[in-house]
Each structure stands twice: as structure tokens, then as C-alpha cells.
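Novice: Can you look at this prediction? I've put the sequence above it.
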Number of protein chains: 2
Amino acid sequence: MNWMQQIKWSDGLVPVIAQDAETGDVLMFAFMNQEALQQTVALGEAVYWSRSRQQLWHKGEQSGHVQKVIELRLDCDHDVILLKVKQQGDIACHTGRHSCFFQKLINDEWIIDQPVIKDPKEIYKK
Amino acid sequence: MNWMQQIKWSDGLVPVIAQDAETGDVLMFAFMNQEALQQTVALGEAVYWSRSRQQLWHKGEQSGHVQKVIELRLDCDHDVILLKVKQQGDIACHTGRHSCFFQKLINDEWIIDQPVIKDPKEIYKK
């Protein structure tokens, strides 16, 4: 079995945690199918499978916020991938923030504690 | 809507990334249902929902490797939780390793690059 076959795919997908290789910040959570993972390794840049759009999603193709692959890890159960990346533009979230996990539970409320680095209107304009 | 209702539950579950609050190491990936999350917050220790055993799973109840909750975060889509923890015993994985992500892709092979800190036979003996 090659390394791709050693992954336990669930409905053809594997969940992926993207982590900033330098700071350790968890940036986002997404999915890959086999083709996305193959392209990720071939390109050296994160390519996900967009479940909402049902298509390959080369992260940063529109925004420029590409994720350069530094390290690829697999968990003990062979069903989750940890992708350590160098995040271009320091922005992983479509809201223009560094990380997608910008809401922190404080006194029973989700409080936003990360600034918008760049207005999404500026990020995604054509 | 309270903070629990603001989470987008999928089949009653939400995926949870557990991260070492101090080192930033991603330790494991699991799921919680509403009761597990309520208990997590009430106890200040991670309680997951075991999909294989179909029951609440107070992490560390057998092994002693409890995860003290330091911070709870929610992502932009409200459907993934990031749990920053203090990992008791420095062992999160049932294999006796620090993290579940102990396999690294090197030249098309998954290579184990983390030591077993404690033999699982010692961890789970009764």
C-alpha cells in the first residue's frame, strides 16, 4: 500500500487541519479528496476539496493567500491530516483574519479577538 | 441564541481540534455532542463523544491523561471547535505518544518521528 492508500478515506474525503508552521497557530479546517491531496503534494501548496462548491479549491487562487506546504502529518487512526504551512499574506480566513478561529468563548459568549487584517472586499475583488 | 446554539451541529456533533496551549502542538482530533461540550465547560476538562463506542468519553478517565481546558474557540463557519488545553502527562495519544500526529510524510512514506513516552500497557492496565 502506498502512502495515499494508507489513509482511511471517509466518503472519499479526509479532514485536514492547517497549522502555521512557524507560530503553531491553527489556521483553518477543511477537507481533501485524493486528487486534492495529490495536487497539494505535487504543487507544494494546499489544495482542498470544497464540499459546498463540489470542486477542487486551490487555496489562495483568488486571494493570493496561498499556503506553502512545510510538513504533512497523519494521525494514529490514519484518518486526519495535519498540514503545516507557510501562510502567504498571513491571512487564512475569508473574513480577512489571520486564522478562522477568531472567536473565543468568554463568559458564555463568542467574542471576536482577532483583527481584520485586510477587508474581504479588497481581497476578492476582480 | 446562546453560545451552544450558535454552533452549527452536524448530526448532533461538532469536530474538535485539541491543541497544547503552551507549545501549540496539535494533539488530537475528536468530536463532541452538546452534552460533551456542556460537561467540558462545566468540568474544565475535555469530554468528547466517542463515535466508535457511542458514549461520552471523559478524556483521561482511564489513563489519567486529562486535558485541562485553557481556551475554547470557534471558527468562522461556526462548525469547528479549537480547544486549547494543558495536557496532563504530556501524552494525548492512546499509543503513549505526545500527539496523535506522530507520522510525517517523508519521500512518499509515513515515518514515525515521535517516541512512545509510556507503554500503553502501562497506561491502560487495570
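Specialist: Arrived safely, thanks for sending. Residues are numbered from 1 along each chain as shown, chains lettered A, B, ... in the order given.
Novice: how far does stretch A:112-123 stretch from start to finish?
Specialist: Using CA to CA, to the nearest Å, the end-to-end distance of stretch A:112-123 comes to 20 Å.
Novice: In chain A, what residue comes closest to chain B?
Specialist: residue A:24 (2.4 Å; CB to the nearest CB). For the C-beta atoms, the positions are set from N, CA and C on the backbone; glycine is no exception.
Novice: before we move on, what SS does that residue have?
Specialist: coil (DSSP: H, G, I helix; E, B strand; the rest coil).
Novice: Quick check: it vs residue B:11, distance?
Specialist: For residue A:24, the distance to residue B:11 equals 31 Å [CB to CB, to the nearest Å].
Novice: returning to what we had before: please state the backbone phi and psi of the residue of chain A closest to chain B?
Specialist: phi 80, psi 0 (degrees, to the nearest 10).
Novice: Could you do residue A:38 as well?
Specialist: phi -60, psi -50.
Novice: Could you pull up the residues touching residue A:99?
Specialist: For residue A:99, the contact set (CB atoms under 8 Å, 6 or more residues apart in numbering or on different chains) comprises A:20, A:25, A:26, A:27, A:28, A:92, A:93, A:114.
Novice: Please name the nearest non-neighbouring residue to it.
Specialist: residue A:27 (5.0 Å; CB to CB, 6 or more residues apart in numbering or on different chains).
Novice: now the angle between strand B:26-32 and the strand or helix carrying the one you found, please.
Specialist: Using DSSP states H and E, residue A:27 maps to strand A:26-32. Angle, strand A:26-32 to strand B:26-32, by axes from the mean of the first three to the mean of the last three CA atoms, to 10 degrees: 60 degrees.
Novice: The helix or strand of chain A with the lowest mean pLDDT and chain B in contact?
Specialist: Ranked by mean pLDDT, DSSP states H and E, the weakest helix or strand in chain A is helix A:120-123, scoring a mean of 92. No: using CB under 8 Å from any CB of the partner chain, helix A:120-123 never reaches chain B; the gap is at least 10.8 Å.
Novice: got a list of contacts for that helix?
Specialist: The contact list for helix A:120-123, computed with CB under 8 Å, 6+ apart, reads A:62, A:63, A:64, A:65, A:91, A:94, A:95, A:96.
Novice: Run a quick check on residue A:7 versus residue A:13, I expect a contact.
Specialist: No: with contact defined as CB atoms under 8 Å, residue A:7 does not reach residue A:13; the gap is 10.2 Å.
Novice: before we move on, the earlier item: need the max-distance pair from the contacts of helix A:120-123.
Specialist: Using CB to CB, the contacts of helix A:120-123 reach their maximum pairwise distance at A:64 and A:95, which is 15.8 Å.
Novice: between those two, who's got more neighbours?
Specialist: residue A:95 (18 against 10; other CB atoms under 10 Å in any protein chain shown).
Novice: Which residues are in contact with that one?
Specialist: A:102, A:116, A:120, B:76.
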